[in-house]
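Enquirer: No letters, just coordinates:
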Ligand SMILES: [Zn+2]
């Protein structure tokens, strides 16, 4: 069995560093680098010289872009922990250097992408250099053999020793191990949580390259934060900060590491730093705070966790079941306080059946409503982006149409509703929806499209005539944008008017310039959007009425009510959950 670097890390590192201290001046001058190879099966210790291919530092991305794109807080979308898979996939596909300006690296990835399907099966056991050479000679593109082989090892999660034996053969023949091979080896070590190896690779990289690029930092921080060497990850985070903005994943790895070791002050400090850099935390890291603060008596920390709950409120974020359980357990564990948590369904009246508390009303005050209406009409409807898809003439005609018929009780996005059950004719879906909603003798406005007035397999004109007896219709040009029409008609009709669409209206939320208006808009949306979905067997359409109470995290000091989701799905944030966690201080 061959090992690259030494296996007993402490001893090995000292030997390595000792050697480097001796050879460091030589290395600086002659670009030579020395590494010990410990080959236990022959009881022989040999040492090779590595020639660095370049003494220049790797290009640093000056734009601060990162392997993981960071998201603005205004477009919050949460996903699970997918970062690692992406990273590992990028490495195995050789994409990690896509932003690198180094021609040599680009060449490797270009060649690799050309040979995207050149797959090899890694051996199960370490090979001797001669055996690797034979495999290389038989490979159709020997110049990229090691890249393809290491990619494959990352994908197959091959034993570290096998990868080491390959790098050893490379060092023997080339006298050098390139950066791209080192980082793939590093990826494999991180994947298998081989802390000692990760530290070794880091030391080698540090000595050979003045600056590492973000892909290497991501791997190192992730790898070290999961180990007993987690404080080294913090040091690396500081290094990253010197050249660019660390990624969300960088921060979260460090926050989780600090939390795991009950260093909550440090975790909070990093969390605030990350928020200040406009990085949106994942639910995962927020949950870690609750998981690892359990049973701690610390007034400041309690304030921080309450702050996280208010962050959920502000951003209309609903924790999933696992996160909710962490919140519950944390409350119940606060020393000296007697919090009790219960899972419940809030009554339609908005009363909590557990503690009888009446939840916040979803109604806006007159003043709030008027402000919101003015802002939406000026910012969104008369803002420049509406007319990109709607002509000013058409919108004017619509305004006249609405003003002549005000007020409506429900405004329906007709096209949207017509697609709800794919096996039904579109006009049938619309007919069904209008019939359901018209039952209470309400005034309906359907926003339609001109193509609905042409007889076709989806739009039977006899059915269309019948629907038009039950609701007012406005038929817009086929390319028009519905949202502006929908918002205008609903808001002009008054506070009682509701709207039906599956659309999220996210774009408009983003258009609203200040956070207070955005907050009011969300609250209005929660209280006025009628959500619909096909029934399980697809025969019916279920309409969930808008709530009278506000579906958002709320507190009175002695109680907390937290709406939660049963699943991780976050596709439509207006699909407000029906389940709640009620927490009371007894
Ligand atoms: Zn309650």
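Expert: It's in. Since the model is a prediction, treat every value here as computed from it, not as a measurement.

Enquirer: Tell me which stretches of the stretch 401-550 of the chain form strands.
Expert: 410-413, 444-449, 472-476, 498-500, 529-534, 541-544 (DSSP state E, counting those that start in this stretch).

Enquirer: Tell me which of those strands approaches residue 311 most closely.
Expert: Minimum separation from residue 311 across the strands of the stretch 401-550 of the chain (Cβ to Cβ) falls at strand 529-534, 23.0 Å. Where C-beta positions appear, they are placed from N, C-alpha and C, glycine not excepted.

Enquirer: re the thing from before, pick the most deeply packed of the strands of the stretch 401-550 of the chain.
Expert: Among those, strand 410-413 has the highest mean neighbour count (mean count of other Cβ atoms under 10 Å), at a mean of 26.

Enquirer: Against which helices or strands is that strand packed?
Expert: Helices and strands touching strand 410-413, by 3 or more Cβ pairs under 8 Å, 6 or more residues apart in numbering; DSSP states H and E, are helix 426-438, strand 444-449, helix 482-493, strand 498-500.

Enquirer: Just want the angle from the first one to strand 444-449.
Expert: When axes from the mean of the first three to the mean of the last three Cα atoms, to 10 degrees is applied, the directions of helix 426-438 and strand 444-449 differ by 160 degrees.

Enquirer: Quick one: mean pLDDT over helix 426-438.
Expert: On average, the pLDDT along helix 426-438 is 91.

Enquirer: How about it, which residues are buried there?
Expert: 426-427, 429-434, 437-438 (16 or more other Cβ atoms under 10 Å).

Enquirer: Need the residues that contact it.
Expert: Under the criterion Cβ atoms under 8 Å, 6 or more residues apart in numbering, residues 410, 412, 414, 417-421, 424, 444, 446, 452, 458-460, 463-464, 466-467, 470-471, 500, 530, 532, 540-541, 543 lie in contact with helix 426-438.

Enquirer: Repeat the analysis, applying 7 Å as the threshold.
Expert: 410, 412, 414, 417-421, 444, 446, 458-460, 463-464, 466-467, 470-471, 541, 543 (Cβ atoms under 7 Å, 6 or more residues apart in numbering).

Enquirer: and if you look at the third one?
Expert: For helix 482-493, the external contacting residues (Cβ under 7 Å, 6+ apart) are 373, 376-377, 380-381, 386, 390, 398, 402, 406-408, 411, 413, 415, 445, 447, 476, 497, 499, 501, 503, 505, 508, 528.

Enquirer: coming back round to it: between the strands of the stretch 401-550 of the chain, which one is closest to the ion.
Expert: Closest to the ion of these, according to Cβ to the ion: strand 541-544, at 21.5 Å.

Enquirer: chain center to that closest one: distance?
Expert: For strand 541-544, the separation from the chain centroid amounts to 30 Å (computed by Cα atoms, centre = their mean, to the nearest Å).

Enquirer: for the residue of the stretch 151-300 of the chain found nearest the ion, what are its contacts?
Expert: Going by Cβ to the ion, the ion is nearest to residue 290 of the stretch 151-300 of the chain, at 19.1 Å. Contact partners of residue 290, counting by Cβ under 7 Å, 6+ apart, are 305, 326-327, 330.

Enquirer: so where's the protein shaky on pLDDT?
Expert: For the chain, the stretches flagged by pLDDT under 70 are 1-118, 380, 383-389, 440, 504-513, 568-576.

Enquirer: tell me which parts of it are close to the ion?
Expert: Within reach of the ion by Cβ under 5 Å from the ion, the chain has these residues: 352, 354-355, 357, 582.

Enquirer: need the contact list for residue 320.
Expert: So residue 320 contacts 283, 564-565, 567-568 (Cβ under 7 Å, 6+ apart).

Enquirer: Next, residue 260: phi, psi?
Expert: Residue 260 adopts backbone torsions of phi -60, psi -30, taken as degrees, to the nearest 10.

Enquirer: Can you report how many residues lie near it?
Expert: Neighbourhood size, residue 260 [other Cβ atoms under 10 Å]: 15.

Enquirer: circling back: now, the contacts of residue 320 that are in strands?
Expert: Counting by DSSP state E, those place residue 564 in strands.

Enquirer: Just the buried ones from the contacts of residue 320?
Expert: 283, 564-565.

Enquirer: Where does the closest residue to the ion within the stretch 201-350 of the chain sit: helix, strand or coil?
Expert: The stretch 201-350 of the chain approaches the ion most closely through residue 344 (6.6 Å), counting by Cβ to the ion. Here residue 344 is recorded as strand under DSSP: H, G, I helix; E, B strand; the rest coil.

Enquirer: what's around it, how many residues?
Expert: What residue 344 shows, counting by other Cβ under 10 Å, is a neighbour count of 15.

Enquirer: for it, what are its contacts?
Expert: 352-354, 580, 582.

Enquirer: what's the answer for residue 417, then?
Expert: So residue 417 contacts 429-430, 433, 500 (Cβ under 7 Å, 6+ apart).

Enquirer: Tell me the one of the residues you listed nearest the ion?
Expert: Nearest to the ion, judged by Cβ to the ion, of the contacts of residue 417 is residue 500 at 30.3 Å.

Enquirer: That closest one reaches residue 410, doesn't it?
Expert: Yes: here residue 500 lies in contact with residue 410, judged by Cβ atoms under 7 Å, at a distance of 6.3 Å.

Enquirer: about what we covered before: dump the helices and strands packed on strand 410-413 to TSV, plus distance to residue 204.
Expert: Listed next are the helices and strands packed on strand 410-413 as TSV, based on distance: least, Cβ to Cβ, whole Å:
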stretch	distance to residue 204
helix 426-438	63
strand 444-449	63
helix 482-493	55
strand 498-500	61
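
Enquirer: mind listing the strands for this protein?
Expert: Here the chain has its strands, by DSSP E, at 3-4, 32-39, 44-51, 339-345, 410-413, 444-449, 472-476, 498-500, 529-534, 541-544, 554-555, 559-564, 579-585.

Enquirer: okay if I get those as JSON lines plus distance to residue 199?
Expert: Below are the strands of the chain laid out as JSON lines (distance: least, Cβ to Cβ, whole Å):
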{"stretch": "strand 3-4", "distance to residue 199": "13"}
{"stretch": "strand 32-39", "distance to residue 199": "14"}
{"stretch": "strand 44-51", "distance to residue 199": "18"}
{"stretch": "strand 339-345", "distance to residue 199": "42"}
{"stretch": "strand 410-413", "distance to residue 199": "57"}
{"stretch": "strand 444-449", "distance to residue 199": "62"}
{"stretch": "strand 472-476", "distance to residue 199": "63"}
{"stretch": "strand 498-500", "distance to residue 199": "58"}
{"stretch": "strand 529-534", "distance to residue 199": "52"}
{"stretch": "strand 541-544", "distance to residue 199": "54"}
{"stretch": "strand 554-555", "distance to residue 199": "45"}
{"stretch": "strand 559-564", "distance to residue 199": "40"}
{"stretch": "strand 579-585", "distance to residue 199": "42"}
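
Enquirer: To residue 274, which of those lies closest?
Expert: Comparing the strands of the chain by Cβ to Cβ, strand 559-564 comes nearest, at 23.0 Å.
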